[in-house]
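Enquirer: from the sequence below, what's the structure:
(chains A, B, C and D)
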Protein chains: 2
Amino acid sequence: MRSDKLSLVLRQLRDHGPRSRARLATELGLTRSAASALVAELADLGLVRAAGVERGGMGRPGTSVELDGAAVCGIGAEINVNHVSAIALDLAGHVVAEHRLALDAHRLAVDEVLDRLVELIRLAEADVVAHGAVPVGVTVGVAGLLDRSRELLTVGPNLGWRDVPVGSELRARLGAAYPVSIENEGNLAAIAEAVPGDPNRQDILVIFGEVGVGGGIVAGGRLLRGHQGYAGEFGHMIVEPGGRRCGCGRIGCWETVSGLRALLDAAADPDDPVRDPALSLDDRLAELNRRADLGDTRTIAALDRVGNWIGIGAAMLTNALNPSAIVLSGYFAEIGHHLRPSIEEHLVAGVLAPQAGGTRVEFSTLGFTAAVRGGAAVALETVFDDPTVVASPHAAVHLGGAR
Amino acid sequence: MRSDKLSLVLRQLRDHGPRSRARLATELGLTRSAASALVAELADLGLVRAAGVERGGMGRPGTSVELDGAAVCGIGAEINVNHVSAIALDLAGHVVAEHRLALDAHRLAVDEVLDRLVELIRLAEADVVAHGAVPVGVTVGVAGLLDRSRELLTVGPNLGWRDVPVGSELRARLGAAYPVSIENEGNLAAIAEAVPGDPNRQDILVIFGEVGVGGGIVAGGRLLRGHQGYAGEFGHMIVEPGGRRCGCGRIGCWETVSGLRALLDAAADPDDPVRDPALSLDDRLAELNRRADLGDTRTIAALDRVGNWIGIGAAMLTNALNPSAIVLSGYFAEIGHHLRPSIEEHLVAGVLAPQAGGTRVEFSTLGFTAAVRGGAAVALETVFDDPTVVASPHAAVHLGGAR
DNA sequence: CTACTTTGTGCGGCATCTCAACAAATGAGT
DNA sequence: ACTCATTTGTTGAGATGCCGCACAAAGTAG
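Expert: This is a model prediction of the structure:
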């Protein structure tokens, strides 16, 4: 009831920016009195504040109201092959804390990886509390298949994990009352790219490339999880029957022709220094960019080849989903400049709708923080769903769990 | 406000069947008094009625309440290459009227096709009124791409139509106040297969095969339309680069290997009687079924080949969307018995998630009424969104438009 | 300086939900 | 057979929250 309308107002401010009470009223179909009362309550909760005046032609100018992010934070975390990390975002999306630890998930025991992750979450939480904000929950992204309940990691090929009850393990470490949720990494990256309120970011397809290729689908502003939660495994669509063998055991998976390994195999001989495992991913990609910029034909051909395959796969998905944008993330973003022409060519060629249905090819600017940002956004969603949680005893439980 | 809770109760009855007021209250988080009042109001509107007693262990047994479909009807209609048709479904999903007219949309002018369709809609409407029900709107399915507003048919390759403002044309014929909406045919077929309340029918993929192959996606119980409304064009995913030329001008589209023409080309020589255009589609498929049952190797090989390709495409879509079921509709359903093994084989082989993510292969039982049923369901959704529309003056306008 | 427009707030009224009490209808126990 | 516990459905009192309206405040247009 009340919380429903509060939610409406808070979302309107998030999605469309600062505006006056009167404008909120007309846009949301409320009376000005109701809008005033709701804004007053949100102000009491510390979620909105005054933001100057709104001059708009004749009549008395309105006093603008805007989101006040400082009161609450959501925490996002990630378990990946080479690192664990955590981030805290306030309600307005500003970074309040960021922690990252490099490790080799393959070599360490599952328990140890989870312990390290929880340490980072605790650090982020301490930062949030020091910042004077209330942490409202944590969402952890995992590189693997999570079943419908999103508590059990069925299989994480790159981590080398199988049937790990990530949810209960984390709950045991963080406290049972602490709001913890688990989500696929690609799905979180997709959420991070979907900007609330932007009509061009409500139906998007995020393709995340590293060694593997994954991603997520946002449709109508909502994450598409599928029946069991396995949606978004684009990397294992079979696009080249009779092609190369994939790490998953199949032949011709999309990631065998568009993943990082495919690019390196095509661009460099086994003894090429760019393939030295000691080099960081960023350095390798910078070197490939440099070679392509200098006009090295082999590098350019390799980038074109990968771009072509990305375009072919993207076109299939676009026929099925008609997104407003395809956002390429992970390593794709680093070499986006050289990929764009070949991707767009195959996209336009392969999509039935004229002009490829208006789908634009974009490259993520979030780097490797995409998943954790998405996680924090998921945690914050509880506040937008019911703004009163900030004041409820539940919030005190969170702080209790943090100690 | 009120209509919101009424909507909640009405949907609960639709989704989970008859139940007592007390049960509605606990399931929906209301008090028994509120549930009683809401049920009384729905009964006044003629949307629910008593339905015997509900015995459940100790205590006083409850008086069950169920949906009363008879008061309102939604109308679905369809413009296809060989026919136009209309159907009327009451709130409980029962068929109240059904009309169909064979025609050749290619040879007739656009205006004439629309005139014929409107005649069928008027007939269905008259049946509804004679049945004592109120028609709440009509949704028309069209075999082609409809842009975001779903008023303009951008391109309908099989109809031979381009840039036809179907929405305004129908509104001009039916009356401006009459609630008309337009939707892609495959999308409506998908809605028809998604049964409200059934957890195994909330995330489904419908693949509709005739000469062309199309379909629709239902995710989380809601139709996925995509940014411009072009989602579900599975038939033009390019699965066989260097393969056969498609009617859309591209090469290797999925429908070139799984559409009706691909099956007939593989199963029969050009002079085979099964390819006689005078034969109905049903008769041709019955003949192919007969040959396969008798063990004709060429027919079986052709069916296997089509099944393999369907399985390959279905696997790609399943990796992306993880549906609970893939529903094969149109001509696929008629020969489903012979397609299933090869489809399932390729589905399990091509999907990353264990056991193909639990996705089941199913065949539609709705025949060629799928799209119109989906259209009627869309029209009825306005009643579930706000049950008070039945009593509002708006409903009177509908009747006025029908005269 | 006046007329007009628009914003934000305060107050009575209405609709709707909750809470508590009660009668009705059944099963369980003696 | 009778009583008691349990659950249902209804009723009335009270609380909550939104709407409609009136009014002061703060600007623009002429």
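Enquirer: residue A:36 is in contact with residue A:20, isn't it?
Expert: No. With contacts counted by C-beta atoms under 8 Å, residue A:36 stays clear of residue A:20, the gap being 10.3 Å. C-beta coordinates here come from the backbone N, C-alpha and C atoms, glycine included.
Enquirer: the more surrounded of the two?
Expert: A count of neighbours by other C-beta atoms under 10 Å in any protein chain shown puts residue A:20 above the other of residue A:36 and residue A:20, at 21 against 16.
Enquirer: how many other residues sit next to the closest residue to the more buried one other than its chain neighbours?
Expert: Nearest-residue entry for residue A:20: residue A:62, 2.7 Å, with adjacent residues in sequence omitted and distances by C-beta to C-beta, 6 or more residues apart in numbering or on different chains. Residue A:62 has 16 neighbours, counted by other C-beta under 10 Å.
Enquirer: in the sheet, who's paired with residue A:62?
Expert: residue A:54 (DSSP bridges).
Enquirer: wait, what's in contact with it?
Expert: Counting by C-beta atoms under 8 Å, 6 or more residues apart in numbering or on different chains, residue A:62 makes contact with A:19, A:20, A:21, A:22, A:23, A:53, A:54, A:56.
Enquirer: buried subset of these?
Expert: Among those, those that count as buried by neighbour count (16 or more other C-beta atoms under 10 Å in any protein chain shown) are A:19, A:20, A:21, A:22, A:23, A:54.
Enquirer: does the fifth one touch residue A:54 like I think?
Expert: By that I understand residue A:23. Yes. Residue A:23 lies in contact with residue A:54 (C-beta under 8 Å); the separation is 7.4 Å.
Enquirer: CA atoms only for stretch A:44-63 - export them in CSV, please.
Expert: Extracted in CSV, the C-alpha atoms of stretch A:44-63 (Å, rounded to 0.1, in the frame of the first residue of the first chain):
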residue,chain,number,x,y,z
ASP,A,44,12.4,11.2,6.6
LEU,A,45,13.9,7.9,5.5
GLY,A,46,16.9,9.9,4.2
LEU,A,47,16.4,8.7,0.6
VAL,A,48,15.6,12.0,-1.1
ARG,A,49,16.6,15.6,-0.6
ALA,A,50,15.9,19.1,-2.0
ALA,A,51,17.7,19.9,-5.2
GLY,A,52,17.3,23.6,-6.1
VAL,A,53,14.4,25.0,-8.0
GLU,A,54,12.8,23.9,-11.2
ARG,A,55,12.0,26.9,-13.5
GLY,A,56,9.4,26.0,-16.1
GLY,A,57,7.7,29.0,-17.7
MET,A,58,4.8,30.6,-15.9
GLY,A,59,3.7,30.3,-12.4
ARG,A,60,5.5,29.5,-9.2
PRO,A,61,8.7,27.5,-9.7
GLY,A,62,8.8,24.1,-8.1
THR,A,63,11.3,23.0,-5.6
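Enquirer: which positions in it come out as buried?
Expert: By neighbour count with 16+ other C-beta under 10 Å, stretch A:44-63 contains the buried residues A:45, A:46, A:47, A:48, A:49, A:51, A:54, A:62.
Enquirer: mind picking the lowest-pLDDT entry from the residues you listed?
Expert: Lowest model confidence among these falls on residue A:54, which carries 79.
Enquirer: in the stretch 201-350 of chain A, what residue is nearest DNA strand D?
Expert: Per C-beta to the nearest atom of the strand, residue A:221 is where the stretch 201-350 of chain A lies closest to DNA strand D, at 23.3 Å.
Enquirer: name the nearest residue to that residue, ignoring sequence neighbours.
Expert: Residue A:221 sits nearest to residue A:202 (C-beta to C-beta, 6+ apart), 4.5 Å away.
Enquirer: how about residue A:99?
Expert: With C-beta to C-beta, 6+ apart, the residue lying closest to residue A:99 is residue A:120, at 4.4 Å.
Enquirer: distance check, the one you found against residue A:366.
Expert: Noted for residue A:120: a distance of 19 Å to residue A:366, by C-beta to C-beta, to the nearest Å.
Enquirer: of the two, who's got more company?
Expert: Legend: neighbour count by other C-beta under 10 Å for residue A:120 and residue A:366, higher for residue A:120 (23 against 17).
Enquirer: which helix runs longest in chain A?
Expert: When chain A is scanned for its longest helix (criterion: DSSP state H), the result is helix A:297-321.
Enquirer: other SSEs contacting it?
Expert: With contacts defined as 3 or more C-beta pairs under 8 Å, 6 or more residues apart in numbering or on different chains; DSSP states H and E, helix A:297-321 has these neighbours: strand A:204-209, helix A:254-258, helix A:260-267, helix A:281-293, strand A:325-330, helix A:336-350, helix B:297-321.
Enquirer: redo these as CSV? Include distance to DNA strand C, mean pLDDT and mean neighbour count.
Expert: Listed next are these as CSV, based on distance: least, C-beta to the nearest atom of the strand, whole Å; pLDDT from 0 to 100; neighbours: other C-beta atoms under 10 Å in any protein chain shown:
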stretch, distance to DNA strand C, mean pLDDT, mean neighbour count
strand A:204-209, 33, 96, 28
helix A:254-258, 50, 95, 27
helix A:260-267, 53, 94, 20
helix A:281-293, 48, 93, 17
strand A:325-330, 34, 97, 27
helix A:336-350, 43, 96, 19
helix B:297-321, 36, 97, 23
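Enquirer: next, format the ones you listed as a markdown table and append distance to residue A:105.
Expert: Supplementary listing: these in a markdown table, determined by distance: least, C-beta to C-beta, whole Å:
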| stretch | distance to residue A:105 |
| --- | --- |
| strand A:204-209 | 17 |
| helix A:254-258 | 19 |
| helix A:260-267 | 17 |
| helix A:281-293 | 16 |
| strand A:325-330 | 17 |
| helix A:336-350 | 27 |
| helix B:297-321 | 24 |
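Enquirer: if we can go back for a sec, hmm, residue A:84 and the residue nearest to residue A:99 touching each other?
Expert: Yes. If you go by C-beta under 8 Å, residue A:120 and residue A:84 touch, sitting 6.1 Å apart.
Enquirer: list residues touching both of those two?
Expert: Going by C-beta under 8 Å, 6+ apart, residues that sit against residue A:120 and also against residue A:84 are A:77, A:100, A:101.
Enquirer: for the last one, list the residues it contacts.
Expert: Under the criterion of C-beta under 8 Å, 6+ apart, the contact partners of residue A:101 comprise A:83, A:84, A:85, A:116, A:120.
Enquirer: helix/strand/coil for it?
Expert: Classification of residue A:101 using DSSP: H, G, I helix; E, B strand; the rest coil returns strand.
Enquirer: which non-adjacent residue is nearest the residue in the stretch 1-150 of chain A positioned nearest to chain B?
Expert: Using C-beta to the nearest C-beta, residue A:145 is the residue of the stretch 1-150 of chain A that sits closest to chain B, at 5.8 Å. Nearest-residue entry for residue A:145: residue A:154, 4.5 Å, with adjacent residues in sequence omitted and distances by C-beta to C-beta, 6+ apart.
Enquirer: just residue A:97 next, same as before
Expert: Counting by C-beta to C-beta, 6+ apart, residue A:97 lies nearest to residue A:127, which is 3.5 Å off, once chain neighbours are set aside.
Enquirer: number of residues surrounding that neighbour?
Expert: Other residues lying near residue A:127 total 19 when counted by other C-beta under 10 Å.
Enquirer: thought it was touching residue A:90?
Expert: No. Using C-beta under 8 Å, residue A:127 makes no contact with residue A:90, being 11.1 Å away.
Enquirer: what residues are shared contacts of these two?
Expert: Residues touching both residue A:127 and residue A:90 by C-beta under 8 Å, 6+ apart: residue A:96.
Enquirer: show me the one of the helices and strands packed on helix A:297-321 that comes nearest residue A:315.
Expert: helix A:336-350 (2.8 Å; C-beta to C-beta).
Enquirer: that closest one - contacts with which helices or strands?
Expert: Helices and strands touching helix A:336-350, by 3+ C-beta pairs under 8 Å, 6+ apart, are helix A:281-293, helix A:297-321, strand A:325-330, strand A:360-363.
Enquirer: residues making contact with that helix?
Expert: Contact partners of helix A:336-350, identified using C-beta under 8 Å, 6+ apart, comprise A:289, A:292, A:300, A:303-304, A:306-308, A:310-312, A:314-316, A:318-319, A:326, A:328, A:332, A:355-356, A:359, A:361, A:363, B:236-238, B:250.
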